[in-house]
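Enquirer: Predicted coordinates and the sequence they were generated for:
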Amino acid sequence: MSNKFTPFEDKVRESLEHYELPFEASSWNDLENRMNGNGAAANTWVVALVAACFFSAIGSFILYKYSFNLIDAKKGHGIARFESTARVSNSTSSIENSTVDSNLTSNNTTTNRSNTVNLTPLAANVSPSSNSTDSAIPTENILADNDSQMNEVVVPKTSTTLSVRPSVSTSCAGGEIDFNAVNGPNEGSYLWNFGDGNFSNKPNPKHKYVKPGVYDVSLSITSKKDGQINTTVMNDLITIHPAPNAEFEWDFVNSASEEPTVKIINTSENATSYNWKFGDGSTSKVISPIRSYTDRGKQMIALEVSNEWGCSDSKVKYIHINQDYNLMAPEKFSPKTNVFMPEGLKQGKSQFKLTIYNGEKPIYETTNKSKGWDGTLPSGTTAVAGDQYPWIVIIYNDTTKEEKYFSGIVTILP
């Protein structure tokens, strides 16, 4: 038999060295002699039985201690594996505050396959000297313990949220705005609420806000696939500024003997700047300019206005400066037998204003084609034969907002 002890025998021997017999050797000898005195065979059997019980007790105690040491060792090994996995998880979630142990993968792979951790994605994206927090750290390939089912750690993608994208966030009243749905389903029914009482069921509608203000816009989309309704509300999405309204009229302020002179009256609203353009190429920034015309015919007047928000508007009108014969006005008439009224006004249906002047002072005015001038002066007397009186006729066109100017001189007959 070999003199070398097995690991188990060494452990038993070491344990027995620390234990002493509960009695002295003389006591054991005395017991043996007395037993021999009563019969050698019987005494020998009793001694053997007592010794067997004693050593069985000692052996049981050693095995008990040894088994607990094995349990503690396994438990410590399991805790170490758990801590190793936790360190890897912390390294993945907070790479800027942790250092990846380069020996972790090789040690775990050699010792226990169940502790395998795939660090390839981590090492590929993070250099040992890098402290940047902007690097993307993929965690899809980190593996769990093989003793349980392996689970893949997936980084959740950013959820797509339905939103509204207008072409502009500020506009002027009357301006057209394009609306687009962001992250909406490919197929479904749309319902837009523009916040001003108007709606649309088009996927990408256009809309004009008439009144200034701040508007909320909402969009509801019903998915064609599953009928699910997705709604988003964008508060204070659109700001509408008041738009100016370009408008003007004019009045002839000349006497019949002078060149046609027009005072332009600016009636625009919500405007702070004005720019006039005329048919002869001249311009003006006066609020209400005055112009004289030497040329006959159709004369353009254009006005462009804007305000402090950059909103603008424009208006174009025309004045017609014509000769007197176009109205077939008589050059002479007798107050005793007739009245002065151009034939063109009698036969036409246009609105007009006829003014008779005495020099530069108006003495008679009418807008009724059946009430011509009978020669009566403001003093109540009748005009004297041979005297000449200038006249002006303005014809108004309500449809085109154009005005036609006519002028001439009439001589009084006896």
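Expert: On my side now, so go ahead.
Enquirer: only C-alpha atoms for contact and neighbour calcs from this point on.
Expert: Will do.
Enquirer: what ranges do the helices span in the stretch 101-250 of the chain?
Expert: 104-111, 120-125 (DSSP state H, counting those that start in this stretch).
Enquirer: weakest of those by average pLDDT?
Expert: For these, the weakest mean pLDDT is recorded on helix 120-125, namely a mean of 36.
Enquirer: any idea how far residue 346 is from residue 367?
Expert: Distance from residue 346 to residue 367, counting by C-alpha to C-alpha, to the nearest Å: 11 Å.
Enquirer: Check residue 378 too.
Expert: For residue 378, the distance to residue 367 (C-alpha to C-alpha) stands at 18 Å.
Enquirer: higher neighbour count, the two?
Expert: For residue 378 versus residue 367, the count of surrounding residues by other C-alpha atoms under 10 Å is larger for residue 367: 16 against 10.
Enquirer: Apart from its chain neighbours, what residue comes closest to the more buried one?
Expert: Once flanking residues are discounted, residue 367 sits nearest to residue 353: 4.7 Å by C-alpha to C-alpha, 6 or more residues apart in numbering.
Enquirer: Any idea how many residues pack against the one you found?
Expert: Using other C-alpha under 10 Å, residue 353 is surrounded by 16 other residues.
Enquirer: any idea of the pLDDT on it?
Expert: pLDDT, residue 353: 93.
Enquirer: which other residues reach the helix or strand where residue 411 lies?
Expert: Element membership for residue 411 (DSSP states H and E) is strand 403-412. Under the contact criterion C-alpha atoms under 8 Å, 6 or more residues apart in numbering, strand 403-412 has outside partners 256, 260, 318-324, 327, 330-335, 375, 383-397.
Enquirer: Buried by neighbour count, from the residues you listed: which ones?
Expert: Buried by 16 or more other C-alpha atoms under 10 Å: 256, 260, 318-322, 324, 327, 330, 333-335, 375, 383-384, 388-396, out of these.
Enquirer: Which of those fall within strands?
Expert: Cross-referencing the buried ones among the contacts of strand 403-412 against strands under DSSP state E gives 318-321, 333, 388-396.
Enquirer: Out of these, the closest to residue 371 would be?
Expert: Of all these, residue 371 sits closest to residue 393, with 14.0 Å by C-alpha to C-alpha.
Enquirer: quick one: low-confidence parts of this protein?
Expert: Residue ranges of the chain with pLDDT under 70: 1-5, 8-9, 11-160, 323-326, 398-401.
Enquirer: Show me it divided up by domain.
Expert: With domains defined by automatic domain parsing, the chain comprises 1-156, 163-241, 248-412.
Enquirer: still on that earlier bit, the strand holding residue 411 versus strand 388-396: what angle between them?
Expert: Here the directions of strand 403-412 and strand 388-396 differ by 160 degrees (axes from the mean of the first three to the mean of the last three C-alpha atoms, to 10 degrees).
Enquirer: so how far is residue 315 from residue 302?
Expert: 6 Å.
Enquirer: neighbour-wise, which of those two wins?
Expert: More neighbours surround residue 302 than the other of residue 302 and residue 315, with 18 against 15 (other C-alpha under 10 Å).
Enquirer: Quick check: nearest residue in space to that one, chain neighbours excluded?
Expert: Counting by C-alpha to C-alpha, 6+ apart, the residue nearest residue 302 is residue 316, at 4.3 Å.
Enquirer: can I assume that neighbour sits in a helix?
Expert: No - applying DSSP: H, G, I helix; E, B strand; the rest coil, one finds residue 316 to be strand, outside a helix.
Enquirer: please begin residue numbering at 107 from this point
Expert: Taking 107 as the first residue, the last one we looked at is residue 422.
Enquirer: Can I get the ones in strands among the buried ones among the contacts of strand 509-518 in CSV including distance to residue 324?
Expert: Formatted as CSV, those follow (distance: C-alpha to C-alpha, whole Å):
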residue, distance to residue 324
424, 46
425, 49
426, 52
427, 55
439, 74
494, 74
495, 70
496, 67
497, 64
498, 60
499, 58
500, 54
501, 52
502, 49
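Enquirer: from those, which two are the most distant?
Expert: Spatially, the most separated pair among those is 424 and 439, at 32.8 Å (C-alpha to C-alpha).
Enquirer: quick one on the thing from earlier: need the contact list for the residue nearest to residue 408.
Expert: Residues near residue 422 by C-alpha under 8 Å, 6+ apart: 406-409.
Enquirer: Isn't residue 500 up against residue 451?
Expert: No - contact criterion C-alpha atoms under 8 Å: residue 500 and residue 451 do not qualify, at 10.5 Å.
Enquirer: which residues do these two both contact?
Expert: residue 458.
Enquirer: Give the buried residues for stretch 321-341.
Expert: 321, 323-329, 337.
Enquirer: Any idea how far apart the tips of it sit?
Expert: Its first and final residues considered, stretch 321-341 spans 7 Å by C-alpha to C-alpha.
Enquirer: Just checking: what are the partner strands of the helix or strand where residue 470 lies?
Expert: Counting by DSSP H and E, the element that carries residue 470 is strand 467-472. Applying DSSP bridges, strand 467-472 is found paired with strand 457-464 (antiparallel).
Enquirer: Restricting the selection to alpha carbons, write the strand it pairs with to CSV.
Expert: Only the C-alpha atoms of strand 457-464 are listed here, as CSV (Å, rounded to 0.1, in the frame of the first residue of the first chain):
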residue,chain,number,x,y,z
GLN,A,457,-73.1,108.1,-63.2
PHE,A,458,-71.6,111.6,-63.7
LYS,A,459,-71.1,115.0,-62.1
LEU,A,460,-71.5,118.2,-64.2
THR,A,461,-70.0,121.4,-62.7
ILE,A,462,-70.3,124.9,-64.2
TYR,A,463,-67.7,127.5,-63.3
ASN,A,464,-67.6,131.3,-63.3
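Enquirer: List the buried residues for it?
Expert: Residues 458-464 are the ones in strand 457-464 that count as buried (16+ other C-alpha under 10 Å).
Enquirer: Same question for stretch 464-472.
Expert: By neighbour count on 16+ other C-alpha under 10 Å, the buried set for stretch 464-472 is 464, 468-472.
Enquirer: What of stretch 276-292?
Expert: 276-280, 283, 285-287, 290.
Enquirer: what does that stretch contact?
Expert: Applying C-alpha under 8 Å, 6+ apart, the contact partners of stretch 276-292 are 266-274, 309-318, 327, 329, 344-349, 417.
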